[in-house]
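[1] what's the 3D shape of this:
(chains A and B)
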Amino acid sequence: MSKELNLWLDKLLNDIENVKVERKSSRRIRIDVESDALPALLELLQGHASYVHLSAISCVDWVDAGEFELVYHVWSYETRSLVSAHTRIPREPGIYLSIYDLYEPAGFFERDIHEMFGVYFEGSPDMEKFILTEWNGPPPMRKEFDSEAFVNQTFEFEDYRPQWLQDIEEEGGGITTRPEDVR
Amino acid sequence: MSKDDLILRKERQLQVELGQQRSNPLAHVFDNLVNFCRSRSLFMLHYCTGCGAIELPPAMTSRFDMERLGIQPMVTPRQADILLITGYVSIKTLKRIILTYEQMPAPKYVIGICSCTVNGGMYWQSYATAKVLKHYLPVDVYIAGCMPRPEAVIEGLQDLMEDIKSGRANSWKKYFHNYDYYLGNQQQLFGEDWQTPTDIIAEARHYDLLTEQTLGEHTALLEKHQKPLEALEMRLQGQKQPL
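    The predicted model follows:
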């Protein structure tokens, strides 16, 4: 049954113009689509091809290309397959349409992406702070945010060779087994 | 009489001469008894951060059995003696840890388990974790490892018990003695208007633990921002459309 459905689905998807469809395996389909056509594609998949479960929305920051890649993972219980719809939006201004009206869980994922990458979703019900309530800096998952530099600037670390250890070493003592000896 | 006892006796003699201890050998019997009892009935707060908590169930249950040492879990901070920090401390969690710590009745002890509490551990590059726990709270015992086995946890707890028995585990007094330092580090992370429901300065005054380091520029900042505490209003979250 599901095999037949998959065949139909492949045929239908290949008929849509300006969409690159790639079947990775029997249960995974990758679709590359322009950003203005993505909501329509998802509506089609949900309404006519039983992809009713939005598993996740993920975001990739392609800083050199100046783009964000948004990946919408939708699952169908009928064909038992996962469609990953990839789309790219420009990094500036980083505004995109919400799909909250199609999939309600999208509100949760969009709020998360807004917090981590700073992508604003128009029409999403809540774009306030979510997990990083204590964070006032730039969106931390953006590639231009240098976490290591931030940490070195903000925090103080313990000294690995404090004075008391150096004193012991001067008297001929010290650490007998170094980590690199046992590795 | 063994050699250790002789050394101990000599040390005590020296302390008596210096005026640090009283000459009557029975003067501290009651204190010693209290310390002994205290070290044998430790209630450990059931509050875990990060991944090290996974080593606690085997340490608590029948295989390694912490309860034979008199250590058992307790559900509320107001009835607990030990605060175990088991793993990385995110800045968001650190707030809760400080609130929890300040609620606990003295004497209270903090144990930092895992490398993350010592120096950031494998999350040292993360923007979201606090690196050195003892900058924000006084820590009694550190148990390093990623993560330490239950044997190591129990070993550390036994060290703490030994410290309590001999009266060395006084780190909770440090929090009152050096409150300005700890508050300064907390303010650096949480902003200048950081305030906890517990008035540490008033407590330090009340228990006669106020020193020169208790008050300083950071506590002055706190007093400038401090708002009187009010009972929290109960309401359902937000008037917005539900998700």
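[2] where in chain A is the helix or strand with the lowest mean pLDDT?
    helix A:179-182 (a mean of 76; mean pLDDT, DSSP states H and E).
[3] what helices or strands is it leaning on?
    The criterion is 3 or more Cβ pairs under 8 Å, 6 or more residues apart in numbering or on different chains; DSSP states H and E, and there are no helices or strands that helix A:179-182 contacts. For the C-beta atoms, the positions are set from N, CA and C on the backbone; glycine is no exception.
[4] chain center to that helix, what's the gap?
    Its chain's C-alpha centre and that of helix A:179-182 lie 37 Å apart, by Cα atoms, centre = their mean, to the nearest Å.
[5] helices along chain A, start to end?
    Counting by DSSP state H, chain A has helices at residues A:2-15, A:38-48, A:106-117, A:147-154, A:163-170, A:179-182.
[6] buried stuff in the first one?
    Pointing back at helix A:2-15 there. A:5-6, A:9, A:13 (16 or more other Cβ atoms under 10 Å in any protein chain shown).
[7] one step back: same list, the helices of chain A, but as JSON lines with distance to B:Arg149 please.
    As requested, these are arranged in JSON lines below (distance: least, Cβ to Cβ, whole Å):
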{"stretch": "helix A:2-15", "distance to B:Arg149": "48"}
{"stretch": "helix A:38-48", "distance to B:Arg149": "49"}
{"stretch": "helix A:106-117", "distance to B:Arg149": "35"}
{"stretch": "helix A:147-154", "distance to B:Arg149": "29"}
{"stretch": "helix A:163-170", "distance to B:Arg149": "25"}
{"stretch": "helix A:179-182", "distance to B:Arg149": "17"}
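[8] please identify the deepest-packed of these.
    Of all the helices of chain A, helix A:106-117 carries the top mean neighbour count, a mean of 21, counting by mean count of other Cβ atoms under 10 Å in any protein chain shown.
[9] chain B contacts on chain A?
    Residues of chain A lying near chain B by Cβ under 8 Å from any Cβ of the partner chain: A:104, A:107-108, A:125-126, A:131-135, A:137, A:140, A:145, A:147-148, A:150-151, A:154-158, A:160.
[10] now do the helices in chain B.
    Taking DSSP H to define them, one finds helices in chain B at B:3-18, B:29-39, B:56-60, B:91-103, B:115-119, B:150-165, B:171-177, B:179-190, B:200-206, B:217-225.
[11] okay, those, which one's buried deepest?
    A comparison of the helices of chain B by mean neighbour count, using mean count of other Cβ under 10 Å, puts helix B:115-119 on top with a mean of 23.
[12] for that helix, the distance to its chain's centre please.
    Per Cα atoms, centre = their mean, the centroid offset for helix B:115-119 relative to its chain is 15 Å.
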